[in-house]
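Enquirer: Structure of the sequence below:
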Amino acid sequence: MFRRGPGRIIPSHKKIAVLLFCLALICILVFATHGADSGMCADDKGPISDHFDGELFINPGVNVPVPPPSGEEPKRGISWWILRWVVGNDWPKWPEIKDTPHGKPTAATVPKGSVLVTPVGHATFLIQIDGINLLTDPIWSQRCSPVSWIGPKRYQEPGIIFKDLPPIDAVLVSHNHYDHLDLPTLKSLAAKGVQHAITTLGNRDLILSTDIPTVDELDWWQSVRLSKDVTVTVVPAQHFSSRTLWDRNKTLWGGFIVSGPSGNVYYSGDTGYGPHFREIARRFSPISVAILPIAPYRPSNASEPPHRHYPEIHMGPAEAVQAHLDLRAGLSIAAHFQVFQLGIDGFDDARNELKLILAKRDLKADVFITPPPGQPVVLTSRFVDMKGLQKAGVNR
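Expert: Residues are numbered from 1 along each chain as shown. I've put the predicted structure just below:
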């Protein structure tokens, strides 16, 4: 990765080399990702709705991104941020993590009435509910990028070794960004025997290209049944989509509700804060557990301040806690932190701020948790604890 440590000076000839390297990457993006690999949806994208104008998908009632208020620095374009990411030396330095302990192999299944949620890292979670095993936005790759040799690099190894995964009944793909729709991982899952994926509108052909044979492509509030007990519903999110410079918002984004006898599990995908949380709660209450992103986030008083925060498309800890309250979730689990550095955020910024926000809102620390990759969270009819596998009737 080309991120530089604080205070390190990059010689001018190296900067020129890196700039040329960046130009080469842009050419690769032009020729290698434009077309079938871009995830562009077919001509029939569905009927015009409050989130589809006939050509592009939109966030109802939200202009994303919003222009900065008067007097603030104008919004920089994507090219400025790519350049700063490549040659900048003012990003917070994340620690080098070695010998990350992996979680033990999980149970093959959990019985009816139990839920086992194991964070793998970033937005990837293994959800085991009422005899069904699901993976959210699976990524085991070392980089989230269109190519394997440049791009945001993984700082923590996956919490579950890939070969230790139990049989997976379906993967849930929330949108087409590279840190959520990772083609190499999906191809490996197909080779491992995964037969089914559920995703949002426009992503079917791209996922089919990985050899997963059955892909359900759903609009918001549409559902598919995985067994007589378990149903998956795509629910709204506030975000955007793109895999190239030409396909922004040509595919849909969303979250998922997994419903079974043991309750409702909510995985948000990437989302900003908005009224959709209250509507999800109205339709699916009670929600036993919610998986919510808390980063990228950088405190306003940090030595390397962030670019303008857009809570409309990405939540920080404060928005995530409010979402937890809107959802009336029994438990929330943090996602999207300490794996890929996707913004000018420090390694512990989001976790530390989450603790402060919970205390400020007079909430107990155990209602919104940040378990490390590989550590299972077990529920029966309510949150039990992190080590109570036998209490939930789960056999190793």
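Enquirer: Return the set of buried residues in the helix or strand harbouring L186.
Expert: Assessed by DSSP states H and E, L186 sits inside helix 183-191. By 16 or more other CB atoms under 10 Å, the buried positions in helix 183-191 come out as L183, T185, L186, S188, L189, A190. C-beta: built from backbone N, CA, C; applies to glycine.
Enquirer: Repeat that for stretch 277-289.
Expert: F277, I280, A281, F284, I287, S288, V289.
Enquirer: Which pair of the residues you listed spans the longest distance?
Expert: F277 and S288 (15.5 Å; CB to CB).
Enquirer: And the helices in this protein?
Expert: Along the chain, counting by DSSP state H, helices occupy 12-32, 78-87, 183-191, 204-208, 276-284, 317-327, 349-360.
Enquirer: Let's see the shortest one as CSV, backbone CA atoms only.
Expert: Listed in CSV are the C-alpha atoms of helix 204-208, where the atom choice follows Å, rounded to 0.1, in the frame of the first residue of the first chain:
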residue,chain,number,x,y,z
ARG,A,204,-27.2,-10.3,-10.6
ASP,A,205,-25.0,-10.7,-13.7
LEU,A,206,-21.9,-9.7,-11.9
ILE,A,207,-22.4,-12.2,-9.2
LEU,A,208,-23.4,-14.9,-11.7
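Enquirer: Please shift the residue numbers so they start at 212 in all later answers.
Expert: Taking 212 as the first residue, the last one we looked at is helix 415-419.
Enquirer: so what secondary structure elements neighbour it?
Expert: strand 425-429 (3 or more CB pairs under 8 Å, 6 or more residues apart in numbering; DSSP states H and E).
Enquirer: Out of the buried residues of stretch 488-500, the closest to K374 would be?
Expert: V500 (26.7 Å).
Enquirer: Okay, the closest one and T421: tell me how far apart.
Expert: 28 Å (CB to CB, to the nearest Å).
Enquirer: Tell me how far stretch 454-461 lies from the chain's centre.
Expert: 18 Å (CA atoms, centre = their mean, to the nearest Å).
Enquirer: got the end-to-end distance for it?
Expert: Terminal residues of stretch 454-461 lie 10 Å apart, using CA to CA, to the nearest Å.
Enquirer: residues of that stretch that come out buried?
Expert: In stretch 454-461, counting by 16+ other CB under 10 Å, buried: R454, T455, D458, N460, K461.
Enquirer: thought the last one was touching F268?
Expert: Yes. Using CB atoms under 8 Å, K461 makes contact with F268 at a distance of 7.4 Å.
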